[in-house]
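A.B. asks: show me the folded form of this:
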Amino acid sequence: MFILCEGKLAEKPYKMPVTRQNIYSLEELCYYIYNNIYTITEEFFQESLAVWLREETDHPVLAKKVQNMLSADMKLKDMVVTILCGCDLYKESEIRSLVRVMDEIANLPLHKKRKIRADNYLRSGRYGRSLLEYRKLLQGSLAMNFSTEEYGDILHNQGIAHFYACSFAEAERDFKEAYTRNNKKISLRHYLWLLLMQEKEELFESEAISLGLSPDEINVVMLRYKEAVAQCHIPDAREDDTERYKKQLAGAYAC
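C.D. replies: Coordinates of the predicted model:
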């Protein structure tokens, strides 16, 4: 993806608060906001952003607007629109459409907002922080607000966080419980893959049968597991010294 930048490129990038991604221009900032609107919260707009806009991208007027809005404690929606209107990357109709999405987000109940926040930490690779958020959702007072399937999805995502944190036993339990609640094949597959990864072949076979998989379906699970290993160019499936292996197994499969 190429972004046409008409303004000055920053020598020092601005680091996004949640994802830690570096950006180098106002256009890049607008693109990031537009395409990551579910990750944008009030904490996204800080004094440091105004300083960066003024000193690194040569946008003193926009920087002053951001400073004034921060001082006035303006609504998140207003600050997003101000930034997007600072360049010509997006049309007015596109900005209006984004505002409608923000209104929908703002009207979500608290428990769903908290799940979005936890999922954002997961997607950005902040697994420890995502685990803290998922535990609060699963064990706190908000847990009763989720449907059985939604609760299972949170367990699934917590399993991914445990997986990336190399807590494979915890990930195994998460995926198994997730499947009992959300009944999603992706959770079942992750659970069975974790068994294979931990060399629990006998348990894999007994669990696959008890969970209702046919011999053909079991073979498919094993085949896809081997394909995942092969794609990572790992000579032995039992080697555990590569991040690529882990990413292939649990990667972007959040619920």
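
A.B. asks: how many neighbouring residues does residue 149 have?
C.D. replies: Neighbours of residue 149 under the rule other CB atoms under 10 Å: 13. For every residue, glycine as well, the C-beta is placed using N, CA and C.

A.B. asks: and it, which of the three is it?
C.D. replies: helix (DSSP: H, G, I helix; E, B strand; the rest coil).

A.B. asks: ok, it - contacts?
C.D. replies: Shown in contact with residue 149 (CB atoms under 8 Å, 6 or more residues apart in numbering): 181-183.

A.B. asks: wait, what's in contact with residue 29?
C.D. replies: Going by CB under 8 Å, 6+ apart, residue 29 touches 14, 23, 83.

A.B. asks: isn't the last one up against residue 63?
C.D. replies: If I follow you right, that is residue 83. No: between residue 83 and residue 63 there is no contact under CB atoms under 8 Å: 10.7 Å.

A.B. asks: for the spatially closest residue to residue 14 that is not a sequence neighbour, what are its contacts?
C.D. replies: Distances taken as CB to CB, 6 or more residues apart in numbering place residue 52 nearest to residue 14, at 4.5 Å, with adjacent residues excluded. Applying CB under 8 Å, 6+ apart, we find residue 52 in contact with 10, 12, 14.

A.B. asks: grab the CA positions of the host helix or strand of residue 223 and hand them over as PDB.
C.D. replies: Using DSSP states H and E, residue 223 falls within helix 215-231. Coordinates of each C-alpha in helix 215-231 appear next as PDB, following Å, rounded to 0.1, in the frame of the first residue of the first chain:
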ATOM      1  CA  PRO A 215     -11.600 -40.600  10.700                       C
ATOM      2  CA  ASP A 216     -11.600 -38.400   7.500                       C
ATOM      3  CA  GLU A 217     -11.900 -35.300   9.600                       C
ATOM      4  CA  ILE A 218      -9.100 -36.400  11.900                       C
ATOM      5  CA  ASN A 219      -6.900 -36.900   8.900                       C
ATOM      6  CA  VAL A 220      -7.700 -33.400   7.600                       C
ATOM      7  CA  VAL A 221      -6.700 -31.900  11.000                       C
ATOM      8  CA  MET A 222      -3.400 -33.800  11.000                       C
ATOM      9  CA  LEU A 223      -2.800 -32.900   7.300                       C
ATOM     10  CA  ARG A 224      -3.400 -29.200   7.900                       C
ATOM     11  CA  TYR A 225      -1.100 -29.300  10.900                       C
ATOM     12  CA  LYS A 226       1.700 -30.900   8.900                       C
ATOM     13  CA  GLU A 227       1.100 -28.300   6.100                       C
ATOM     14  CA  ALA A 228       1.400 -25.500   8.700                       C
ATOM     15  CA  VAL A 229       4.700 -27.000   9.900                       C
ATOM     16  CA  ALA A 230       6.000 -27.400   6.400                       C
ATOM     17  CA  GLN A 231       5.100 -23.800   5.400                       C
END
